[in-house]
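[1] okay, structure incoming, though there's no sequence with it:
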């Protein structure tokens, strides 16, 4: 990895603003490999160095990833003057200007939402070419039918003249409560698919995205960083390596 300025590295890691980082450096509170660095323009390879700020060791990483359990009422945006962005759910130390949501959930839709700073991973996870599965729990106004299962699986259902990829509909003991797996992410797709079958979605929650499932102990509005094995699984499902 090429050498980078200290203030850029620490800004990337969320230590503070450039002004705050310069103040920390002048106060002698930053060390790189045990050496006190007072010049915030100091250049080094962060991937090969040990960094401490005020005695606290930092772990350098190129990209960041979190999993949110999105509640209703939040818009899938990092900034939106007409609603509450989902980044408002993140604690102060996880606030970043470069978060990107992986796909969208409607304002009234709940469930698993990923945020990342890796644009290429985001592109692949959301591109239809990679057919990454998204699983939803759906409550319906009218009972789902075996005919719905067949139509969704056939790949003959169209939205505005465009055919959809085959989808898997699972009907449980209560046909008003189903699960649907799709491999693309068109605008309001789940709601529009059932509307095309003369039905209405009354509640929608994403319970899985690719290899990741929504943990039962992750409360609505809560978030957590992804575990290393989860990150590796996401990259693997779209043919990328860490």
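    Alright, I've got the coordinates. Source: prediction; values computed, not measured.

[2] from here on, just use CA atoms for contacts and neighbour counts.
    Fine.

[3] assign the closest residue to residue 155 other than its chain neighbours to helix, strand or coil.
    The shortest distance from residue 155 to any residue other than its chain neighbours is 4.2 Å, reached at residue 166 (Cα to Cα, 6 or more residues apart in numbering). In terms of secondary structure, residue 166 is coil; the call rests on DSSP: H, G, I helix; E, B strand; the rest coil.

[4] residue 166 touches residue 148, doesn't it?
    No. No contact is recorded between residue 166 and residue 148 when judged using Cα atoms under 8 Å, the distance being 11.8 Å.

[5] in terms of helices and strands, where is residue 115?
    strand 110-116 (DSSP states H and E).

[6] residues contacting residue 145?
    Each residue near residue 145 by Cα atoms under 8 Å, 6 or more residues apart in numbering is listed here: 171, 175.

[7] that one and residue 158, how far apart?
    18 Å (Cα to Cα, to the nearest Å).

[8] end to end, how far does stretch 34-47 reach?
    For stretch 34-47, the first-to-last residue distance is 15 Å (Cα to Cα).

[9] stretch 36-46 now?
    Taking Cα to Cα, the first and last residues of stretch 36-46 lie 15 Å apart.

[10] which residues sit against that stretch?
    1-7, 9, 21-22, 25-31, 60.

[11] 10 Å instead?
    The list of residues contacting stretch 36-46 from outside it, by Cα atoms under 10 Å, 6 or more residues apart in numbering, reads 1-10, 18-19, 21-32, 52-53, 59-62.

[12] centroid residue for the chain?
    Centrality entry for the chain: nearest residue to the mean C-alpha point is residue 114, 1.3 Å, by Cα atoms, centre = their mean.

[13] which residues does that one contact?
    If you count contacts by Cα under 10 Å, 6+ apart, residue 114 has them with 65-70, 99-104, 122, 209, 212, 223, 225-226.

[14] hmm, try it at 6 Å
    Shown in contact with residue 114 (Cα atoms under 6 Å, 6 or more residues apart in numbering): 66-67, 101-102.

[15] pairing partners for the strand holding residue 115, with directions?
    Strand 110-116 has the following sheet partners, assigned by DSSP bridges: strand 65-70 (antiparallel), strand 100-101 (antiparallel), strand 201-209 (parallel).

[16] could you point out the helix or strand that follows it?
    Moving toward the C-terminus from strand 110-116, the next helix or strand (DSSP H and E) is helix 119-126.

[17] distance between whichever helix or strand comes after that next one and the chain's centre?
    Toward the C-terminal end, the helix or strand that comes next after helix 119-126 (DSSP H and E) is strand 134-140. For strand 134-140, the distance between its averaged C-alpha position and the chain's averaged C-alpha position is 18 Å (Cα atoms, centre = their mean, to the nearest Å).

[18] in what helix or strand does residue 232 lie?
    Here residue 232 is covered by helix 228-237, with elements defined by DSSP H and E.

[19] against which helices or strands is that helix packed?
    Under the contact criterion of 3 or more Cα pairs under 6 Å, 6 or more residues apart in numbering; DSSP states H and E, the helices and strands touching helix 228-237 comprise an empty set.

[20] now do that helix against helix 119-126, angle only.
    Note on geometry: by axes from the mean of the first three to the mean of the last three Cα atoms, to 10 degrees, helix 228-237 and helix 119-126 are set 70 degrees apart in direction.

[21] for helix 228-237, give me every contacting residue.
    Looking at what lies outside helix 228-237 - Cα under 6 Å, 6+ apart - the contacts are residue 241.

[22] could you list the buried residues of it?
    By neighbour count, and taking 16 or more other Cα atoms under 10 Å as the criterion, the buried residues in helix 228-237 are 231, 233-235, 237.

[23] cool, and stretch 61-69?
    Of the residues in stretch 61-69, those buried (16+ other Cα under 10 Å) are 64-69.
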